[in-house]
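K.L.:
Provide a 3D model corresponding to the input given below.
(chains A and B)
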Amino acid sequence: MATAQMPITHQRWARTPFFFNSAAQALRIGREQAANLGELLEALRACPDHSIFQHTFQTLREHHFIREGFSNDFAHWAFAACNEVGLAERLASVDVREYTSIQSLRERIIGIVEEYVQKNPRSRDRAALEPFYFCASDTIVIPTPFIARNLQEFIDGLQKVSVYSVHYHFIEARLRLKLNSNDFSVWLDEELDFRTVADRINRIDIYTSTLQDVRRKIIRILESALA
Amino acid sequence: MDQNDRGTVTPEAAGVNNTRQEKTEAPPVERRKKPRISTTPPTPPPPPVLDDYEPIIGRPALDELRYLARPLRTKTVKMVNSTSMGGGVAEILNRLIPMMNELEVSTKWDVITGGNDFFEVTKGFHNALHGGEFHLTKEHVDVFMMYNEQNRQRLEFIEDLFVIHDPQPVGLIRSKERTRGKWIWRCHIDLSHPNEEVWGFLRPMVEQYDASIFSSPAFARRLAIPQFLFYPCIDPLSEKNKELEDSFIEKVCDDFGIDRSRPIVTQISRFDRLKDPVGVIQAYKLAKKYVDCQLVLAGGGATDDPEGAVVLQEVMEAAGDDPDVIILNLPPWSALEINALQRASTIIVQKSLREGFGLTVSEGLWKGKPVIGGAVGGIPTQIIHKLTGVLVHSVEGCAYQIRYLLTHPEFAAQLGRNGREHVKENFLMTTNVRRYLILFQLMLGMARPAAFEVK
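P.N.:
Predicted coordinates:
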């Protein structure tokens, strides 16, 4: 029986190259602020999408170096300013990567806070140590000179781009793609036919890794595919 | 500067009468070397260039700055403030302007002029905007507007972007309708509780700008114009923050009588009650029951400020005759010595009772030190509790954290590592440049924010 020889991984070429981009943000101070959980709920319903984005997706980028339990600004405020540990835990468990729209993420956060204040009615009006100030970020996409047409070029590019680029492609991407995936995995799957590798990359835990860790883990997975 | 046998600066050197010293019967034993600090300011080093920042922020981040600057190369920017020397704003502009020009974004810096009467009014405004008592009179308004008008006539407004810093030159906005550029008001002060009379006078002028920038959401007012958030920043290559040879750190400690083989807890701040130096001594004394350490309180303001001298006296009395409390009243040109003290420290404290942004916290974090900060002003922005430092609300809390950090060095080291990264990400001069470039692009319509769909 004749067997078709599979191409070795580094010889696979993409029809569409991967263009590494990065992103820069301008941070605006929003109109909403909350001095207790009741006000937080109101503000969560009224604030623009860019505020939800800032305090969830974007704050992960700003605190990309922390491994020890930084999740989102709402969880941190519930813990540090409101001393509502149970609420903080639940908010911290919200994994932004499970959300492909800001609306669904907003609904989830509102749902958690609503449920908590219903079960703990006195928490609704209890004054926080400091207010929660809503901000919003405007993102500008920045092209980089790095382009990949095969796995080796992809690894080279990934080693050279900033962590902002890693955040843009690996975390922010799902809002653009409307998929529970990321730019890296989609390209590796669709262009180089690396479905297993793409899946492994998509399962990297961003909440227990820094963005540099994420980059290193992706490269390790890809290098093992090259070997 | 003279030191006594406790390693503190002598009251004579600080211009303070110390009755306790007069009661000393035996002459003090000089067991520490005298600090050798120049009595005149040293020549400033040449400013760094962009490439000098590459080892700190990395080539990709530097390339992104250059990319963000590229579309702005044909544009011109004017920045205006009220002083070219002294104060945090001038310090920032002295670095920001050369960096912008090196990025080929042509940026000019103008300083407004005024008589003593103008600066008396603006000092009154400054205090009033921080919540102080002030009765605004027609004379104040006339003086303020007259000098703003004079400067408006003197200066040329032909640029594409104008960044006007703080309230003193805010009236320059009256030139807006004769210019084609965008006007941005950069407010460096805390407007959270302003005197309503003064703010009521300034606000209509502020709201004629196209956008404003504040240092913290807590410092902002609700305005009819967009408000952007730019955190204050430190320059990692300045004398206060650059890397130092260990031999220099050793020499500074030796000069000040600090024993590097034992833990060092340091607060760097002016001798000001709002920095709570006496509270720091109380916390140190509570902690010292359980852990060995020295306390260094170093700062200035006690020589040229009568209130500072009084606070220094209170600090010395609170320290008593403990030889492990080292109090240093330093001249304004002691950046290298302060840098060395911070780098020699095991823990850095900024136990303020009230604070602006409190950039000494970022200075400590940048040196990889665990920082204990009072939960006031901009300190909680820099210290994420138990992640990039620890926040305290009391003397007892501060004492506990000193004990905990001295006995849990791995946790302390982790806070230091995270703290440095936090500063690198948010509070460095290069981040400030990046923010300006993004804002300029947005203001000039050169970039549009990326949209994400709601559904």
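K.L.:
all helices for chain A, in order.
P.N.:
A:37-46, A:49-53, A:59-62, A:73-80, A:85-92, A:102-119, A:151-160, A:163-167, A:173-177, A:183-192, A:195-202, A:211-226 (DSSP state H).
K.L.:
would you list the ones you listed in CSV and tack on mean pLDDT?
P.N.:
Listed next are these as CSV, based on pLDDT from 0 to 100:
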stretch, mean pLDDT
helix A:37-46, 98
helix A:49-53, 93
helix A:59-62, 86
helix A:73-80, 94
helix A:85-92, 95
helix A:102-119, 97
helix A:151-160, 95
helix A:163-167, 93
helix A:173-177, 84
helix A:183-192, 95
helix A:195-202, 95
helix A:211-226, 93
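K.L.:
any chance of these in CSV, plus mean neighbour count and distance to B:Arg203?
P.N.:
In short, each C-beta sits where N, CA and C put it, glycine included. Output for the helices of chain A, formatted as CSV (neighbours: other Cβ atoms under 10 Å in any protein chain shown; distance: least, Cβ to Cβ, whole Å):
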stretch, mean neighbour count, distance to B:Arg203
helix A:37-46, 18, 24
helix A:49-53, 22, 25
helix A:59-62, 20, 31
helix A:73-80, 23, 29
helix A:85-92, 18, 36
helix A:102-119, 17, 33
helix A:151-160, 18, 48
helix A:163-167, 23, 36
helix A:173-177, 19, 37
helix A:183-192, 22, 45
helix A:195-202, 17, 50
helix A:211-226, 16, 41
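K.L.:
list the contacts of the nearest residue to B:Gly132 once chain neighbours are set aside.
P.N.:
Excluding the flanking residues, the one nearest B:Gly132 by Cβ to Cβ, 6 or more residues apart in numbering or on different chains is B:Asn195, at 6.6 Å. By Cβ atoms under 8 Å, 6 or more residues apart in numbering or on different chains, B:Asn195 lies in contact with B:Ala128, B:Leu129, B:Gly131, B:Gly132, B:Glu133, B:Phe134, B:Leu136.
K.L.:
between those, which is nearest B:Met99?
P.N.:
B:Leu129 (28.8 Å; Cβ to Cβ).
K.L.:
gap between B:Glu139 and A:Glu130?
P.N.:
Noted for B:Glu139: a distance of 39 Å to A:Glu130, by Cβ to Cβ, to the nearest Å.
K.L.:
also A:Gln58?
P.N.:
20 Å.
K.L.:
looking at the two, which is more packed in?
P.N.:
The neighbour count for A:Gln58 versus A:Glu130, taken as other Cβ atoms under 10 Å in any protein chain shown, is higher for A:Gln58 (26 against 15).
K.L.:
distance of the residue sitting nearest the centre point of chain A from chain B?
P.N.:
The centre of chain A sits closest to A:Ile171, judged by Cα atoms, centre = their mean, with a distance of 3.3 Å. Going from A:Ile171 to chain B by Cβ to the nearest Cβ, to the nearest Å gives 13 Å.
K.L.:
and that residue, what does it touch?
P.N.:
A:Phe57, A:Leu60, A:Arg61, A:Val96, A:Arg97, A:Asn182, A:Ile206.
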